[in-house]
Structures are given as structure tokens and as C-alpha cells.
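In: From the sequence below, what's the structure:
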Amino acid sequence: MIMSTQLFYESDSRRLDDRNYGLAVQFNQKSTGLSWSNRGLTIDMKIPALGRQIQESVTDIPGRVSLKNGFCLLEGEDHLAGGIVLDATFPLERDVYDAYLSFLDITQNWHLYRIWHYVPFINRETQGIENYRSFCKGRSLAFEHFLGSNFSRKLPAASAVGINDTKLVMYFLAGKTPGMHIENPEQVSAYQYPRCYGPRPPSFARGTCVDVASKRVGYLSGTASIKGHQSVTLEDTADQLYTTLDNMSLIFESMGFVSERHSYGSFFPNGDDYERFFKVYIRHLEDTDYIQSLFSQMIGLREDDRVLYLQSDICRSELNIEIEAIISDRC
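Out: From the prediction side, this is the model:
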């Protein structure tokens with residue numbers, strides 16, 4: 001049974017009810033936890049924000065709040081969102097395995113669009129295995145147990161980055177409409193990585209695209225400077241950023257948000273046509289100003305773009321930057 005010792009940390013003990021809520025994530029907080037209020041579900045994250053933007057809105061569509069198997073859920077007619085905050089024990093494999101079995105049971109009648117994970121001390125080792133690799137093992141075993149050996153075809157977009165806290169955080173978005181899971185032609189699918197990256201490969205698609213209410217939405221997984229399955233351009237953070245943006249562009253092209261990128265120089269989804277939200281994870285604080293300036297230039301940053309810069313360790317210790325995104329048609 002999944003237990004979360006700090007799932008609700010508000011001083012009162014109001015019952016969950018049928019009122020309308022949204023799901024938001026607040027970074028730059030003093031502690032990590034999950035709470036609910038009149039404004040909805042809120043996950044507080046002890047991860048430094050490196051700019052004025054500190055909040056991510058996972059969904060602002062109302063729904064019914066409930067608690068199941070340790071997960072706090074927000075359920076509407078066509079969507080399901082939710083999250084969990086666990087006091088982690090190391091190695092992480094058992095916690096992750098149990099949490100994922102509960103998660104897959106909760107979402108078995110839904111289509112998964114996007115999953116976010118924040119892994120405590122992601123690059124440290126416990127009993128001879130890196131925490132990230134232990135996390136990946138637990139997640140993969142749970143997928144296989146619940147969905148069978150061919151589970152990779154159902155994997156959605158996802159990310160897993162570090163949090164310097166003893167909390168394991170997971171939140172997600174799912175819906176009734178099937179999504180299309182996307183891979184990058186210049187990368188080995190994460191779930192096919194060789195064993196040199198750990199006892200079980202990561203379990204996610206490079207992106208997921210879905211049409212909801214006549215609006216196309218693309219969820220880009222955490223993307224970094226990897227070609228094939230190897231980390232590349234490691235000598236310079238700027239080169240890592242260029243390679244990361246190139247990988248992002250390839251996935252956006254597969255989603256249909258970028259057309260003929262090589263022939264006509266179209267690199268990123270046009271801000272005139274699409275709403276754009278980016279989360280940029282930066283390992284080293286001293287790289288912040290340079291990355292922010294360069295990233296803004298490369299994507300043609302607009303005033304109505306939303307960009308959240310966070311200081312966080314990346315799943316591979318040699319990588320300094322990771323970027324995820326949500327792109328949607330303008331109404």
C-alpha cells in the first residue's frame with residue numbers, strides 16, 4: 001500500500017468534496033508537499049526557480065477531487081490529473097514500483113499524456129546503484145507487471161529530474177482521447193537503451209500529441225544533448241543547448257508543429273500560431289544568465305511565451321541542461 005506521510009499539510013482537515021479545482025505546481029518553495037485549497041491542488045517543490053516565473057499550471061479545467069491509493073486526483077469528464085509526494089526510502093526501486101502499480105491501476109481506463117517525476121538526489125548512489133537507475137528499474141518492472149512485456153507501445157511523454165530533498169514527487173495528466181506517442185529519428189528510443197545505462201531502461205516516449213476539443217496539444221518529454229543513446233557535445237554548455245534544441249525541433253516536426261525544418265530554416269513552432277510553454281532545467285547556477293539569453297534568441301522568445309527556469313540535476317551526471325515543453329494551437 002502506498003503511504004504518503006505529508007500528502008496534505010494544511011492545518012485543518014477538510015474533507016475532499018465535489019468542488020472545482022485545478023492542479024498547479026509551485027517551485028522555489030521552502031519544503032515539498034501536496035495540499036488542496038479553494039484554488040485547487042497544489043504541489044510545492046523545494047527546487048530553486050531562476051527567474052520571476054515560479055508556477056506551472058498542469059490543468060486549470062475543473063473537476064472532482066478525490067484521494068485514491070495515496071494519489072490526490074482531479075477528475076473531470078474528459079481529463080484526469082493528479083500527483084503524489086512520498087517520503088523516499090533508498091534504494092528507490094521498491095517505492096517507485098509500488099507507487100507505479102497504484103498509479104497504473106488508477107489510470108487503466110484513461111490515456112496517459114504526460115508524467116513528471118522529481119527524483120531525490122538523482123545522481124547519488126545507494127548500495128552501488130545510482131538513484132535514477134534504481135528509479136528506472138522500479139518504474140519499468142511495474143509497467144511490465146501491469147501491462148505485459150509489450151508495455152513500451154503505451155508509454156507517454158515523461159521526464160525525471162533531480163530534487164535535493166528526501167521527497168519523491170510524481171504528477172500526471174491523462175484523458176479520454178487517445179494520444180499519439182512520438183519518437184526522435186536521431187535518438188534511440190529510451191526504452192531500448194542498452195544495459196550500460198542501468199538494469200532497466202527509462203520508460204517513456206520522446207513526446208505525446210493529442211487532439212482535445214479541436215485543439216492540438218504536444219507534450220515534449222525532457223530533452224537533452226543525446227544522439228543515438230550517447231551524450232554528446234559535452235565540452236561546452238552552449239553546444240549542449242544547440243543539440244538539445246535540435247532534438248526538440250525533430251520531435252516538433254514529427255508532431256506537425258514544424259514543417260520542412262531543414263529546407264526552409266523552420267526550427268521551432270511559430271509563436272504566432274502556437275501557445276508555447278517551456279521548462280528549462282539548469283544544473284550549474286553560473287550558467288543561468290548565458291543559457292537564458294541564448295535560449296531566448298534561439299526560439300525567438302515572445303512576451304506571451306511562458307518559460308520556467310529551474311536549478312536541477314539532470315538524469316545523466318555529464319549533462320548540464322534539459323528542456324521540456326507543451327505546445328498547443330492558438331484558439
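
In: Looks like residue 273 contacts residue 331 (just checking).
Out: No: applying C-beta atoms under 8 Å as the test, residue 273 and residue 331 come out as separate, 11.3 Å apart. Just so you know, the C-beta spots here come from the backbone N, C-alpha and C atoms, and that holds for glycine as well.

In: These two: which is more packed in?
Out: Comparing residue 273 with residue 331 by neighbour count (other C-beta atoms under 10 Å), the higher total belongs to residue 273, at 11 against 7.

In: Could you tell me how far that one is located from residue 206?
Out: Using C-beta to C-beta, to the nearest Å, residue 273 is found at 22 Å from residue 206.

In: Look up phi and psi at residue 144.
Out: The phi/psi pair for residue 144 (degrees, to the nearest 10) reads phi -60, psi -40.

In: Repeat that for residue 54.
Out: Per degrees, to the nearest 10, the backbone of residue 54 is at phi -130, psi 0.

In: Please name the nearest non-neighbouring residue to it.
Out: residue 28 (4.6 Å; C-beta to C-beta, 6 or more residues apart in numbering).

In: ditto for residue 111
Out: residue 178 (5.0 Å).

In: Number of residues surrounding that neighbour?
Out: Neighbours of residue 178 under the rule other C-beta under 10 Å: 11.

In: which phi and psi does it have?
Out: Dihedral angles (degrees, to the nearest 10) for residue 178: phi -60, psi 150.

In: thinking again about what came up before, for the residue nearest to residue 54, give its distance to residue 65.
Out: According to C-beta to C-beta, residue 28 and residue 65 sit 25 Å apart.

In: quick one: which of these two has more around it?
Out: Taking neighbours as other C-beta under 10 Å, residue 28 and residue 65 compare with residue 65 leading, 21 against 17.

In: so that one makes contact with residue 35?
Out: No: between residue 65 and residue 35 there is no contact under C-beta under 8 Å: 11.5 Å.

In: Show me whatever sits in contact with both of these two.
Out: Counting by C-beta atoms under 8 Å, 6 or more residues apart in numbering, the shared contacts of residue 65 and residue 35 are residue 41.

In: Not counting sequence-adjacent ones, nearest residue to residue 211?
Out: In space, residue 211 is closest to residue 177, 6.5 Å off (C-beta to C-beta, 6+ apart).

In: quick one, what contacts that neighbour?
Out: 78, 111, 210-212.

In: Residue 287 contacts residue 319, doesn't it?
Out: No: contact criterion C-beta under 8 Å: residue 287 and residue 319 do not qualify, at 11.9 Å.

In: Please, where are all the helices along this structure?
Out: 93-106, 131-147, 237-255, 261-264, 288-299 (DSSP state H).

In: Could you dump those helices into TSV with distance to residue 172 added?
Out: Converted to TSV, the helices of the chain look like this (distance: least, C-beta to C-beta, whole Å):
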stretch	distance to residue 172
helix 93-106	7
helix 131-147	13
helix 237-255	20
helix 261-264	30
helix 288-299	26
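
In: out of these, which comes closest to residue 123?
Out: Smallest distance to residue 123 across the helices of the chain (C-beta to C-beta): 6.8 Å, for helix 131-147.
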